[in-house]
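**Student:** Predicted model and sequence follow; I will ask about them next.
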Amino acid sequence: MNDRPLELGLDTFGDISRGPDGSLQSDAQTIRNVVDQAVLADEVGLSFFGVGEHHRKDFAVTSPEIVLAAAASRTKNIHLGTAVTVLSSDDPVRVFERFATLDAVSNGRAEVILGRGSFIESFPLFGYDLRDYEQLFEEKLELFSLLLDEKPVSWQGRTRAALQDADVYPKTENGLKAWVGVGGSPESVVRAARYGYGLVLAIIGGSSARFRPFADLYRRSLEEFGKPQMPISVHSPGHVAETDQQAWEEAYEGVAELNNTIGRERGWPEYTRMRFQHDVGPEGAMYIGSPETVARKIAATVRALGNTRFQLKFASGSISHDRLMSSIELYGTRVLPLVHEMLAETETAGIR
């Protein structure tokens with residue numbers, strides 16, 4: 001087992017919420033709900049709250065740092081970050097400045113998870129050419145890695161203006177924690193290791209165990225690049241209720257709606273109950289069920305991958321705010337201690 005203590009966190013994309021009467025709420029109310037959800041996550045002892053960046057009508061959050069700053073003013077301990085920041089269509093200097101500022105107002109609790117994102121709306125919106133998809137991310141990730149040293153930077157590339165002894169402010173007090181989100185490409189795993197970022201494996205399909213080669217590749221690559229061992233986190237969708245059946249019933253409509261909306265754009269088949277039941281089963285990527293069921297699945301993932309953080313993407317589709325708050329409470333008060341108990345039992349058995 002990894003000697004780092006396991007952290008449990010949450011991720012949200014700010015999926016448009018439903019109100020008590022079942023109607024869709026406004027973007028503004030959904031954003032206020034996200035802040036309330038972060039506050040509850042802090043109260044129940046979770047370690048991380050991540051907010052994704054999207055630029056489409058399904059999700060309310062386009063500026064995660066502002067939402068996280070609001071959450072920072074009402075929380076005390078929980079770390080606050082993104083899931084993910086779409087670095088390819090942003091400017092690394094501005095991203096660093098925003099997160100260094102968030103780190104200040106949160107008293108050192110800011111984290112940034114950098115990625116290319118799973119949607120492309122930001123590229124035409126901000127004037128980037130999709131033909132430069134790979135080069136944009138490679139160059140900007142390299143520049144951001146230099147900015148993390150918080151020293152004057154000289155850099156030249158094709159995708160933004162060159163820098164010559166450029167110093168960037170504000171400085172952080174203890175450095176900025178940075179990760180790269182990866183969907184399952186070996187090249188992406190090696191690149192994260194080359195620059196010394198933490199790794200977040202986005203597992204949204206299939207068993208987590210099949211990602212073991214990526215975890216092994218990452219650790220091996222860190223060693224080969226002469227980097228210290230860095231943490232691995234797993235991001236997967238889920239929902240917690242008192243029983244498996246209740247969790248399935250609460251989550252299914254939103255999950256199916258979101259999958260079918262995206263599927264119509266990408267040519268996927270219609271999402272079905274049969275597919276859902278596979279996804280929530282042992283070989284699926286959804287952690288939906290009772291506290292015991294979700295805890296067992298998280299513990300199995302940690303045993304398979306040795307990850308030191310698990311980030312439950314707790315909102316998938318237009319599920320109601322009340323149900324999300326209940327899921328968060330169960331996740332913190334019951335899933336969290338159960339996972340630690342299960343992993344402690346595994347370690348004890350291993351010692352024997």
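**Tutor:** Happy to help now that I have it. Numbers count the residues shown, from 1 in each chain.
**Student:** what sits against the most centrally placed residue in the chain?
**Tutor:** For the chain, the residue nearest the mean C-alpha position is Ala83 (3.7 Å; Cα atoms, centre = their mean). By Cβ atoms under 8 Å, 6 or more residues apart in numbering, the contact list for Ala83 reads Asp11, Thr12, Phe13, Gly50, Val51, Gly52, Ile113, Gly181, Val200, His235, Gln311, Lys313. From N, CA and C alone the C-beta is placed, and that goes for glycine too.
**Student:** nearest residue to it other than its sequence neighbours?
**Tutor:** If the residues on either side of it in the chain are set aside, Ala83 comes closest to Gly50, at 3.4 Å by Cβ to Cβ, 6 or more residues apart in numbering.
**Student:** Check Asp279 too.
**Tutor:** Per Cβ to Cβ, 6+ apart, closest to Asp279 is Met286, 4.3 Å.
**Student:** Do you know the pLDDT at that neighbour?
**Tutor:** Met286 is assigned 98 on the pLDDT scale.
**Student:** Tell me which stretches of the stretch 251-352 of the chain form strands.
**Tutor:** Along the stretch 251-352 of the chain, the stretches classed as strands by DSSP state E, counting those that start in this stretch are 287-289, 309-313.
**Student:** Could you provide those strands in a markdown table, with additional columns for mean neighbour count and distance to Pro5?
**Tutor:** Formatted as a markdown table, the strands of the stretch 251-352 of the chain follow (neighbours: other Cβ atoms under 10 Å; distance: least, Cβ to Cβ, whole Å):
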| stretch | mean neighbour count | distance to Pro5 |
| --- | --- | --- |
| strand 287-289 | 27 | 20 |
| strand 309-313 | 26 | 10 |
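**Student:** Quick one: closest of these to Ile204.
**Tutor:** Evaluated over these, closeness to Ile204 peaks at strand 309-313, with 8.1 Å, by Cβ to Cβ.
**Student:** sorry, back to before: and the residue nearest to Ala83, that one's in a strand?
**Tutor:** Yes: per DSSP: H, G, I helix; E, B strand; the rest coil, Gly50 lies within a strand segment.
**Student:** ok, Ser63 - contacts?
**Tutor:** By Cβ under 8 Å, 6+ apart, the neighbours of Ser63 are Glu53.
**Student:** rewinding a little: list the contacts of the residue nearest to Ala83.
**Tutor:** Here Gly50 is in contact with Gly9, Leu10, Asp11, Thr12, Leu80, Gly81, Thr82, Ala83, Glu111, Ile113, His235, Gln311 (criterion: Cβ under 8 Å, 6+ apart).
**Student:** ok, Arg296 touching Glu345?
**Tutor:** No: look at Arg296 against Glu345 with Cβ atoms under 8 Å: they stay out of range, at 11.5 Å.
**Student:** Now the phi/psi pair for the closest residue to Ile120 other than its chain neighbours, please.
**Tutor:** Nearest residue to Ile120, sequence neighbours excluded (Cβ to Cβ, 6+ apart): Leu130, at 6.3 Å. When read as degrees, to the nearest 10, the backbone of Leu130 gives phi -60, psi -20.
**Student:** for Leu163, same thing?
**Tutor:** Per-residue torsions, Leu163: phi -120, psi 140 (degrees, to the nearest 10).
**Student:** I'd assumed Lys151 was in contact with it.
**Tutor:** No: checked against Cβ under 8 Å, the pair Leu163 and Lys151 is beyond contact range at 11.9 Å.
**Student:** Counting neighbours around each, name which of those two comes out higher.
**Tutor:** Each of Leu163 and Lys151 has its neighbours counted (other Cβ atoms under 10 Å); Leu163 has more, 19 against 11.
**Student:** who does Gly81 bridge with?
**Tutor:** Beta bridges link Gly81 to Gly50 when assigned by DSSP bridges.
**Student:** residues contacting it?
**Tutor:** Phe48, Phe49, Gly50, Val51, Leu68, Ala110, Glu111, Val112, Ile113, Lys177, Trp179.
**Student:** any idea how far the third one lies from Val105?
**Tutor:** The gap separating Gly50 from Val105 is 17 Å, by Cβ to Cβ, to the nearest Å.
**Student:** what do you get for the fourth one?
**Tutor:** Distance, Val51 to Val105, by Cβ to Cβ: 15 Å.
**Student:** who's more crowded, the two?
**Tutor:** Neighbour count, other Cβ under 10 Å: between Val51 and Val105, Val51 has more, with 29 against 14.
**Student:** now the helices for the stretch 1-150 of the chain?
**Tutor:** Counting by DSSP state H, counting those that start in this stretch, the stretch 1-150 of the chain has helices at residues 27-43, 64-72, 92-105, 122-125, 133-147.
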